[in-house]
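Peer 1: Can you look at this prediction? I've put the sequence above it.
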Amino acid sequence: MDENRSYRNILIIDRATRGDALAWRIAQYPWIAKVKVVPGNGGTRLRKEREKMIWIQGKRKSDNAFVPKIESIPIHQGNEGHLSSYVTQLAAFAEVGSTSMTIVGPIYPLSAGIVDSFAARRMEDRIFGPSRAAAMIETSKVFAKEIMMRTGIKTAPYKTYRTYKAAEKHILKIGVPCVVKADGLTLGKGSHVCLTLEEALKRLREIKVKKVHGNAGKTVIIERYIPGLEFSVTAFCDWNGKEASFVMLPATQDHKEIGDGNLGENTGGMGIICPVPWVTDEIMNRVGKDIILPMLNALAELGTPFKGCLNPNIILGSEGSLHVADWNARLGDPETPAFMRLWKDGDITKVFRACAEGRLSGAVSEIRLSDEHVACVMLASKGYPGPYEKGFHITGIEKAESIPGVVVFHGRDVYESRTVSEKPRLLTDGGRVLCVTATGATLQDAVSKAYAAVDLIHFKGKTYRHDIGAQALEWMRQH
């Protein structure tokens with residue numbers, strides 16, 4: 001492959017704010033001909049409409065018909081039982097459509113073997129993400145724990161159980177605080193820090209008796225609570241057949257719980273800041289040497305080399321220790337909106353392709369991020385992460401984006417008409433609806449801009465955390 005080649009036709013599999021952020025960034029490259037988003041969301045359709053209006057305003061008589069650069073492709077995942085046919089359909093679509101590069105956002109297609117499906121069609125160099133086997137680092141917390149214990153990557157001591165009674169007995173023995181986790185995929189919602197015995201047993205009942213996470217809770221993990229400051233590191237990774245390599249992006253701090261002060265139910269993430277003030281260059285070097293590289297080598301030794309994005313969630317202890325809480329095997333959300341805001345003029349599609357081809361070292365020059373700060377605040381539907389209503393009109397995004405440094409990314413929304421005579425409107429259509437991002441010279445500047453923008457956006461039931469970045473700002477005042 002030509003390492004300097006630009007990739008003209010990009011397919012993004014995602015309907016979250018992560019996918020919208022990737023489409024927003026990639027569509028800005030003049031050499032990109034088409035960005036197709038599966039299945040897309042209200043933002044995808046809005047960007048297409050805006051693109052069309054700009055074309056109409058500058059149209060000449062000699063111009064050909066309007067051809068959008070960003071386009072939604074209505075291929076839908078359906079329930080878990082349809083994942084196999086879904087990934088096969090996506091691979092066939094990419095092959096027929098002469099797709100240069102496919103970027104997989106969520107974990108479910110990866111867990112269903114979409115990369116393996118591409119490889120079966122001899123397109124393994126045209127998709128960014130790990131194989132089904134390598135993605136088990138996220139899809140099974142027990143699998144990840146076992147590797148960490150074998151390789152010496154620090155993680156909390158733990159026990160696994162298949163029955164409620166056995167797990168209950170262990171919780172009563174070790175006491176609290178402890179952490180109760182469902183083994184399988186829960187999209188960030190299956191790990192619970194429990195400070196009281198009542199809370200620990202409640203979470204255990206939810207997983208093992210009420211089966212709120214379905215088959216993901218067949219095995220439950222009970223682990224010792226490790227106190228400390230949390231952060232995540234996102235690393236682009238590849239495997240060239242002989243050795244692994246990786247490049248880390250700046251650390252981020254996610255805010256998982258729905259409520260201020262880290263209270264309430266776990267979510268997919270309610271906001272982040274980047275960079276993180278307590279993560280020094282020395283800590284980042286340790287993360288690379290003691291966490292990322294040992295995991296990549298261990299996966300390769302198992303015959304499942306990892307290509308894609310590896311994302312450990314880490315706890316920094318008061319004495320400087322680093323313990324891994326869990327792993328993601330994909331680009332994060334809302335981490336990706338933050339990174340796309342900081343990404344400068346490098347071509348991220350070349351980074352994706354280099355990872356897939358096992359030559360990441362040749363694309364390091366494309367990874368150039370601004371030294372600004374970024375704050376991201378998720379706007380969710382009332383009731384999330386539990387049941388919620390949808391279909392509410394969203395307003396104020398243009399006003400919000402008039403604030404310098406603010407960009408709003410779309411997640412679970414739609415742009416459509418509910419009646420034949422009605423003009424299309426932007427409506428809520430899920431849990432995490434929008435991601436409000438703001439950049440600034442300081443963290444305080446970025447946070448202030450983000451919340452000023454949040455105040456300008458309206459929809460019924462708008463729910464968000466009011467303390468994104470508050471812990472980091474307090475830490476900076478004390479240090």
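Peer 2: Received it, and whenever you're ready, just let me know what you need. Numbers count the residues shown, from 1 in each chain.
Peer 1: buried ones in the helix or strand hosting Ser245?
Peer 2: Counting by DSSP states H and E, the element that carries Ser245 is strand 244-248. When neighbours are counted by 16 or more other CB atoms under 10 Å, the buried residues of strand 244-248 are found to be Ala244, Ser245, Phe246, Val247, Met248. Quick note: C-beta positions are derived from backbone N, CA and C, even for glycine.
Peer 1: Point out the least confident one among those residues.
Peer 2: Between the buried residues of strand 244-248, the one the model trusts least by pLDDT is Ala244, at 92.
Peer 1: Show me the beta-bridge partners of that one.
Peer 2: Bridge pairing for Ala244 (DSSP bridges) gives the partners Trp239.
Peer 1: didn't it look like it was pressed against Lys307?
Peer 2: No. At 9.1 Å, Ala244 does not count as touching Lys307 under the criterion of CB atoms under 8 Å.
Peer 1: related to what we said a few turns ago, so how far is the strand holding Ser245 from its chain's centroid?
Peer 2: Per CA atoms, centre = their mean, to the nearest Å, the displacement of strand 244-248 from the mean C-alpha position of its chain is 18 Å.
Peer 1: For it, which outside residues touch it?
Peer 2: 233-238, 284, 287-288, 292-293, 296-297, 300, 305-306, 310, 360-361, 364, 367 (CB atoms under 8 Å, 6 or more residues apart in numbering).
Peer 1: Please list only the buried members of these.
Peer 2: Applying 16+ other CB under 10 Å to the contacts of strand 244-248, the neighbour count classes 233-238, 284, 287-288, 292-293, 296-297, 300, 305-306, 310, 360, 367 as buried.
Peer 1: Please flag which of the contacts of strand 244-248 sit within helices.
Peer 2: When the contacts of strand 244-248 are checked against helices using DSSP state H, the ones located there are Met284, Val287, Leu293, Leu296, Asn297, Ala300.
Peer 1: which residues does Pro177 contact?
Peer 2: Pro177 sits in contact with Val193, Cys194, Leu195, Tyr225, where contact means CB under 8 Å, 6+ apart.
Peer 1: partners of the second one in the sheet?
Peer 2: The reference is to Cys194. Partner residues in beta bridges with Cys194: Cys178, with DSSP bridges as the criterion.
Peer 1: Am I right that it is in contact with Gly175?
Peer 2: No. Using CB under 8 Å, Cys194 and Gly175 do not qualify as a contacting pair, with a distance of 10.3 Å.
Peer 1: Compare neighbour counts for these two and give me the winner.
Peer 2: The neighbour comparison of Cys194 against Gly175 (other CB atoms under 10 Å) goes to Cys194, with 20 against 9.
Peer 1: show me where pLDDT drops low in the protein?
Peer 2: 1-7, 58-67, 79-81 (pLDDT under 70).
Peer 1: in it, which helix has the most residues?
Peer 2: Identified as the longest helix of the chain according to DSSP H is helix 42-57.
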